[in-house]
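S.K.: Sequence first, then the predicted structure:
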Amino acid sequence: MADPQAATATQLRNIEARTGQSFEALCRLIQASGLAKIGEQRSMLMQRLGLGYGDANTVALLAKAQAEAPATAGADPLAAIYAGPKAHLRALHEQLSAEIDKLGPHEKAPKKSYISLRRKKQFAMLGPATKEQLELGLNAKELPAAARLKSLPAGGMCQYSVRLSSAAEIDAELLGWVRTAFDAAG
């Protein structure tokens, strides 16, 4: 299987060779154009530099990612997820996360609105469900029926979810469900 990052790097080198401009110069061209939308930037690059659709689109997307990177580099992913009216849920998230950390090594992959917890595969998702509740999604084949354990439709990223409003809900039953998902993930 081809490495997408290597393919993009090769594509970018080819674009730089064809246009005679470095990626930084292309970013400055986009910024100087004053165009905000990717489609507008893509069209401008196609018109001014004779780039094809795919090359122009790649440059516009990479330029946008680079422009946004300094604002998010080193940023605390939980700060973005638990901003505004959801801020009070962060403490509950951290308490549950600390309990899950005791199960063993795993990766925490921040997403836009939740944290994915992975071993060989994802075993749980943790993030705000509402302004008042935290949601824990569990990727486990079969868990025993319980009033607070919601079974989700097949084909989703998780088979079950639990909503929590307080630290008192982080109990042995909940941690048992997490242990089952954790063990199944690898």
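M.R.: Sure thing, it's come through.
S.K.: what about stretch 78-88, average pLDDT?
M.R.: What stretch 78-88 shows for mean pLDDT is 87.
S.K.: Tell me which residues of it come out buried.
M.R.: 78, 81-82, 86 (16 or more other Cβ atoms under 10 Å). In short, each C-beta sits where N, CA and C put it, glycine included.
S.K.: immediately after the longest helix seen in the chain, which helix or strand?
M.R.: The residue-count maximum for a helix in the chain (DSSP state H) belongs to helix 53-72. Downstream of helix 53-72, the next assigned helix or strand under DSSP states H and E is helix 77-81.
S.K.: low-scoring stretches of this structure, by residue?
M.R.: Along the chain, the parts satisfying pLDDT under 70 run over 1-3, 68-75.
S.K.: Outline the domain layout of it.
M.R.: 4-72, 77-184 (automatic domain parsing).
S.K.: Please report how far residue 85 lies from residue 122.
M.R.: 27 Å (Cβ to Cβ, to the nearest Å).
S.K.: quick one: what helix or strand has the closest residue to residue 59 other than its chain neighbours in it?
M.R.: Leaving aside its sequence neighbours, residue 59 sits nearest to residue 26 (Cβ to Cβ, 6 or more residues apart in numbering; 5.3 Å). Using DSSP H and E, residue 26 maps to helix 23-33.
S.K.: What is the helix or strand following that helix packed up against?
M.R.: As assigned by DSSP H and E, the chain's next helix or strand after helix 23-33 is helix 38-49. For helix 38-49, the elements it packs on are helix 23-33, helix 53-72, judged by 3 or more Cβ pairs under 8 Å, 6 or more residues apart in numbering; DSSP states H and E.
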